[in-house]
Structure formats: structure tokens, C-alpha cells
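Below is the sequence, then the predicted model.
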Amino acid sequence: MVHHFYLECSWNGGRNSTGVIKTGALESTISIPSEMNGPGKGTNPDEMLLGAAATCFVITYAAMLERANIEKVSLTLSSEAKVDVTNNVFTFKEIIHRPIVTLKKQSDQERAEKIAHQAEKSCMISRALAGNVNMVVEPVVQLAN
């Protein structure tokens, strides 16, 4: 079975202009980020790629914890992207996921940490980026008070 996803985009000018994307429930203004001497309006490809990787990872991680019957109290994630700019060549170098999962049982801690690393390797977006972007997972697994 093949699933199809669609995106519509309009762009109103040159490099330092803005556009609008629409896909599913997402609608956003887009432009080059201010860090790259763009207008910094709305979101940008760097944030969108980071967002795709982060949401895929956290959903995969949550599903894998559930399948392993690991009860969690909470799961949060912060992710970071590193983009290198050398000689005006932009290269997406690395994505670091830092999940924090709070568990009910101490006996699940080691498995939850292993599953975090497995989730990164299982995520569809991580697999699509494999060989091009270094993917790192730095999980924090803790017990509920």
C-alpha cells in the first residue's frame, strides 16, 4: 500500500520573499531564516526538516514504548539541527533528539533507553536521511516521583 501526501505552495518573488504552504492541517508562511540573511517570516525548510524528524521520532518512540508495555507518565522532546554553511553551500549536518521520558517502574528504565535508540533507526524520516544527516539520540529516562 502506498500513501500519498500533497503540499501546495505559492511564492511571491525572489530569494528574500515569502510564500505560503498548505498540506493537511498545516498552513504556514515560509521564507529563508534570518540566520541565513533572509526575511525570517514564518517557518523555513530547516525548521520543517527538523520538525519532520522530531515528530516522526517521538511518535515512533511512543508507539514502541506502548508495544513493549512500558508505562510512561510523560514524554517530551527537544531536538536540535546543525546546518553548516561553508562557501555559500548549505549542508544539513546533524539532528540531535533529546527525549525525556518519565516512567512508572524502575525495571523499565534500561529497556526504555534502548528503545529510544531503536526508535531513531525505525523512524521513516530518519531512514530517509540516513547517510546524509548524522542522527543522534540523547535520551533521559527517569522515574516518576
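That came through, no problem.

any idea which residue sits dead centre in the protein?
Nearest to the mean C-alpha position of the chain, by Cα atoms, centre = their mean, lies residue 54 at 1.9 Å.

Surely it is in a helix?
Yes: under DSSP: H, G, I helix; E, B strand; the rest coil, residue 54 falls within a helix.

quick one: contacts for it?
Contacts for residue 54 (Cβ atoms under 8 Å, 6 or more residues apart in numbering) come out as 77, 79, 95, 97. Bear in mind the C-beta positions are built from the backbone N, C-alpha and C, glycine included.

ok, the third one - contacts?
Okay, so that is residue 95. Applying Cβ under 8 Å, 6+ apart, the residues near residue 95 are 50, 53-54, 79-82, 129, 133-136.

Shouldn't it be within a strand?
Yes: according to three-state DSSP, residue 95 belongs to a strand.

Would you map out the domains in this protein?
1-43, 45-143 (the TED database).
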